[in-house]
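> how would this look folded up:
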Amino acid sequence: MLTVALLSCERRGDTLQLLEKRIDSLENELAGAYKPGFGELMSAIQTHHAKLWFAGKNKNWPLAAFEVKELNEVLADILKYQNERPESRWLGMINPALDSIALAVEQKNEEHFGTAYRQLTRSCNTCHRQTHFEYNVVTLPRRSPFTNQDFRASAPPK
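Predicted structure coming up:
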């Protein structure tokens, strides 16, 4: 019986050692995993902000809805990957503007879209001021930087 108990303890010790090695390996792998930077995520927001404008102005409501969804996803990514940044705690201030623009898109209301988009842009700038990034001023896009995308709702194939 003593022999069985000793063998059982030895197996548990081996199993524990294997598990500890596996945890160490996974921790090392996790430490080297890619984590998007705050600036990268903000650049993604800038892209979706611009595309949202051109989609709405061209009454391409499916594309506008997609861009609203993308903006929400990037904001969630900031909270996931950059939650230790003090700036992250201010992100919620743009939720009312995003909700308003989502409603305008859902209703396909061009006038409300313009108002909501300006509100979204003001919210971005308010957040930048609150987080001491006031030098980063967001404006309404004047022309699309996306020369490889047609924003019309029923763009003809080229």
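
> below-threshold pLDDT in the protein: ranges please.
Residue ranges of the chain with pLDDT under 70: 1-13, 155-158.

> which residue ranges of it form strands?
Counting by DSSP state E, the chain has no strands to list.

> now the helices: where do they sit in it?
Taking DSSP state H, the helices of the chain run over residues 2-31, 38-57, 61-81, 95-107, 110-130.

> with distance to residue 141 added, can I get the ones you listed in CSV?
Yep, even glycine has a C-beta here, placed from its N, CA and C like the rest. Listed next are the helices of the chain as CSV, based on distance: least, Cβ to Cβ, whole Å:
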stretch, distance to residue 141
helix 2-31, 38
helix 38-57, 5
helix 61-81, 12
helix 95-107, 14
helix 110-130, 10
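
> now those helices in a markdown table, with distance to residue 147 and mean neighbour count?
As requested, the helices of the chain are exported to a markdown table (distance: least, Cβ to Cβ, whole Å; neighbours: other Cβ atoms under 10 Å):
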| stretch | distance to residue 147 | mean neighbour count |
| --- | --- | --- |
| helix 2-31 | 39 | 10 |
| helix 38-57 | 12 | 19 |
| helix 61-81 | 16 | 17 |
| helix 95-107 | 24 | 17 |
| helix 110-130 | 22 | 17 |
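
> taking the centroid of this protein, which residue is nearest it?
By Cα atoms, centre = their mean, the mean C-alpha position of the chain lies nearest to residue 74, the distance being 0.7 Å.

> what's the closest non-adjacent residue to residue 75?
Nearest residue to residue 75, sequence neighbours excluded (Cβ to Cβ, 6 or more residues apart in numbering): residue 91, at 5.6 Å.

> close enough to count as contact, the one you found and residue 80?
No - counting by Cβ atoms under 8 Å, residue 91 does not reach residue 80; the two are 11.6 Å apart.

> who wins for proximity to residue 146 among the helices of the chain?
helix 38-57 (6.8 Å; Cβ to Cβ).

> what angle do that closest one and helix 95-107 make?
Between the axes of helix 38-57 and helix 95-107, defined by axes from the mean of the first three to the mean of the last three Cα atoms, to 10 degrees, the angle is 30 degrees.
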